[in-house]
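A.B. asks: curious how this folds, go ahead:
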Amino acid sequence: AYDSEEEKALLEASRAGAPTSGSVCVQFERDSAAYCGTKHARVVSNGTAALFLSLVALDIKPGDRVLTTPLTWIATAAVATTLGAEVDFVDIDPVTYNMDPAQLAKKITPNTKAVLPVHLYGQICDMDEINTLAAEHGFAVVEDACHAVGADYKGKKAGSLGTFGCFSFHEQKNISTLGEGGMVVTDDDALYERVALYRSHCARVYGESTKYCRIDESQHPMGKRFWFQDFDDAGYNFRMTDIQAAVGIVQLRKLDRLNAQRKKNAEYLASKLASIPGLTLPTTKPDRSHAYHLFPVLLDEKSFGMSRDDLIYALYYDYGIKVGTHYGALHLTTAYRKRGFEKGQFPVAERIAESMVTLPVNPTKTPEAFDYLASSIAELAAKHAK
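C.D. replies: Predicted coordinates:
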């Protein structure tokens with residue numbers, strides 16, 4: 001949610017010329033690194049770009065193996081697929097819906113180069129177990145923390161627990177930068193340099209104000225010039241604008257308060273849903289906090305009296321309430337079925353995907369809105385009870 005603070009920041013950045021990746025972006029990066037407890041942060045155009053650049057920085061290429069969860073948005077796996085890597089999935093914990101470290105251990109091979117755990121719906125994965133496997137087998141850990149900005153794990157922030165942490169500032173996320181935006185955080189100096197280069201065409205500027213001034217033909221084939229650009233490699237354009245970053249700075253200052261309200265809303269909604277048969281409410285492990293990007297509920301069709309899809313349909317058309325199904329099992333999409341995956345390979349993820357309903361707990365929602373949502377679900381359960 002935006003208010004007059006974001007409006008003021010936006011106008012100030014606009015009046016300063018609204019540059020791309022200027023001083024305001026740099027300030028947003030400094031603030032974000034300090035918040036996450038990492039050495040570096042780099043703003044990018046969206047969460048997908050953050051994941052993609054992380055794998056580019058790790059030099060993921062054809063022949064490398066990348067593991068992630070089948071219960072996520074397609075971007076988590078697609079960034080590796082588009083780089084030509086072999087992508088495989090790891091089944092999930094039936095309680096947290098996150099990657100199961102025990103299943104991960106069975107999937108690791110000598111060519112496993114990266115693992116992308118997803119902090120689904122806002123609860124951080126079992127990172128100690130995942131990082132132990134990473135140390136034993138030598139793969140990088142790229143946290144998909146797009147749902148979990150601000151969440152804690154044993155006193156550390158989401159994004160600071162792996163080789164890279166990746167965030168999304170899409171309009172539906174816990175904080176947003178005018179609809180789209182993202183961030184990469186890391187403690188690794190060399191990997192940060194690669195992310196920074198590939199984010200903006202791998203460009204380096206040589207000229208009077210840099211240490212590369214007075215370059216001559218003996219030092220560079222482009223010859224002696226007052227100012228020129230060179231490119232380390234063929235890179236990309238995943239930059240953020242200062243207008244977006246100005247809003248992000250304000251949103252980051254509000255993050256803890258917004259997440260606290262999400263938690264309060266989740267607890268209130270849980271108290272209203274607790275007595276309805278056939279619903280399994282989210283569980284938070286005691287050594288971590290939950291950012292509650294969404295409020296996931298499992299529905300048992302037999303106990304509740306109607307199917308998940310029928311519930312979603314009835315809530316929308318009979319009560320005017322829109323709820324979600326984030327996400328389908330990714331290995332069953334056309335993109336991954338044509339790459340050899342099939343039904344039955346990841347039974348926990350398949351079962352969860354088929355029975356999951358995601359409810360909103362946005363900070364702007366009122367107790368009355370949650371009362372109406374809960375009473376509507378209770379009415380449908382009573383109406384269809386067998």
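A.B. asks: in this structure, which helix is the longest?
C.D. replies: In the chain, with assignment by DSSP state H, the single longest helix is helix 242-273.
A.B. asks: show me which positions of that helix end up buried.
C.D. replies: By 16 or more other Cβ atoms under 10 Å, the buried positions in helix 242-273 come out as 242-252, 254-255, 258-259, 261-263, 265-266, 268-270, 272-273. From N, CA and C alone the C-beta is placed, and that goes for glycine too.
A.B. asks: can you name the next helix or strand after that helix?
C.D. replies: strand 279-280 (DSSP states H and E).
A.B. asks: tell me which element residue 335 is part of?
C.D. replies: Using DSSP H and E, residue 335 falls in helix 334-337.
A.B. asks: quick check: mean pLDDT of whatever helix or strand comes next after that helix?
C.D. replies: Tracing the chain C-terminally past helix 334-337 and defining elements by DSSP H and E, one meets helix 347-355 next. Per-region confidence: helix 347-355 scores 98 on mean pLDDT.
A.B. asks: pLDDT weak spots in the stretch 101-250 of the chain?
C.D. replies: Across the stretch 101-250 of the chain, the ranges flagged by pLDDT under 70 are 205-228.
A.B. asks: now do 50
C.D. replies: 208-217 (pLDDT under 50).
A.B. asks: that one: helices as residue ranges?
C.D. replies: 101-107, 127-137, 189-199, 242-273 (DSSP state H, counting those that start in this stretch).
A.B. asks: pipe the ones you listed into CSV and attach distance to residue 369 per row.
C.D. replies: Formatted as CSV, the helices of the stretch 101-250 of the chain follow (distance: least, Cβ to Cβ, whole Å):
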stretch, distance to residue 369
helix 101-107, 37
helix 127-137, 34
helix 189-199, 39
helix 242-273, 9
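A.B. asks: out of those, flag the one nearest residue 15.
C.D. replies: helix 242-273 (10.5 Å; Cβ to Cβ).
A.B. asks: can you name every helix or strand that the longest helix of the chain contacts?
C.D. replies: If you count contacts as 3 or more Cβ pairs under 8 Å, 6 or more residues apart in numbering; DSSP states H and E, helix 242-273 packs onto helix 4-15, helix 23-36, strand 40-44, strand 295-299, helix 367-384.
A.B. asks: any idea how far residue 42 is from residue 103?
C.D. replies: Distance of residue 42 to residue 103, given as Cβ to Cβ, to the nearest Å: 32 Å.
A.B. asks: quick one: which of these two has more around it?
C.D. replies: The neighbour comparison of residue 42 against residue 103 (other Cβ atoms under 10 Å) goes to residue 42, with 26 against 18.
A.B. asks: contacting residues for the residue nearest to residue 333 when sequence neighbours are not counted?
C.D. replies: Nearest residue to residue 333 in three dimensions, chain neighbours excluded: residue 74, at 6.8 Å (Cβ to Cβ, 6 or more residues apart in numbering). By Cβ atoms under 8 Å, 6 or more residues apart in numbering, residue 74 lies in contact with 330, 333, 335.
A.B. asks: residue 74 and residue 326, how far apart?
C.D. replies: For residue 74, the distance to residue 326 (Cβ to Cβ) stands at 12 Å.
A.B. asks: do the same with residue 17
C.D. replies: Applying Cβ to Cβ to residue 17 and residue 326 gives a distance of 38 Å.
A.B. asks: tell me the phi and psi of the closest residue to residue 297 other than its chain neighbours?
C.D. replies: Closest residue in space to residue 297, ignoring its immediate chain neighbours: residue 357 at 4.9 Å, by Cβ to Cβ, 6+ apart. In terms of degrees, to the nearest 10, the main-chain angles of residue 357 are phi -120, psi 130.
A.B. asks: other residues contacting stretch 332-352?
C.D. replies: By Cβ under 8 Å, 6+ apart, the list of residues contacting stretch 332-352 from outside reads 69-71, 74, 77-78, 81, 87, 89-94, 97, 100, 298, 329-331.
A.B. asks: ok, 6 Å please
C.D. replies: 70-71, 89, 91-92, 94, 97, 329, 331 (Cβ atoms under 6 Å, 6 or more residues apart in numbering).
A.B. asks: among these, which ones are buried?
C.D. replies: When neighbours are counted using 16+ other Cβ under 10 Å, the contacts of stretch 332-352 contain these buried positions: 70-71, 89, 91-92, 97, 329, 331.
A.B. asks: any chance of those residues in CSV, plus distance to residue 177, pLDDT and secondary structure?
C.D. replies: CSV is the format used below for the buried ones among the contacts of stretch 332-352 (distance: Cβ to Cβ, whole Å; pLDDT from 0 to 100; DSSP: H, G, I helix; E, B strand; the rest coil):
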residue, distance to residue 177, pLDDT, secondary structure
70, 29, 98, coil
71, 26, 98, coil
89, 30, 98, strand
91, 34, 98, coil
92, 30, 98, strand
97, 27, 98, coil
329, 30, 97, coil
331, 31, 98, helix
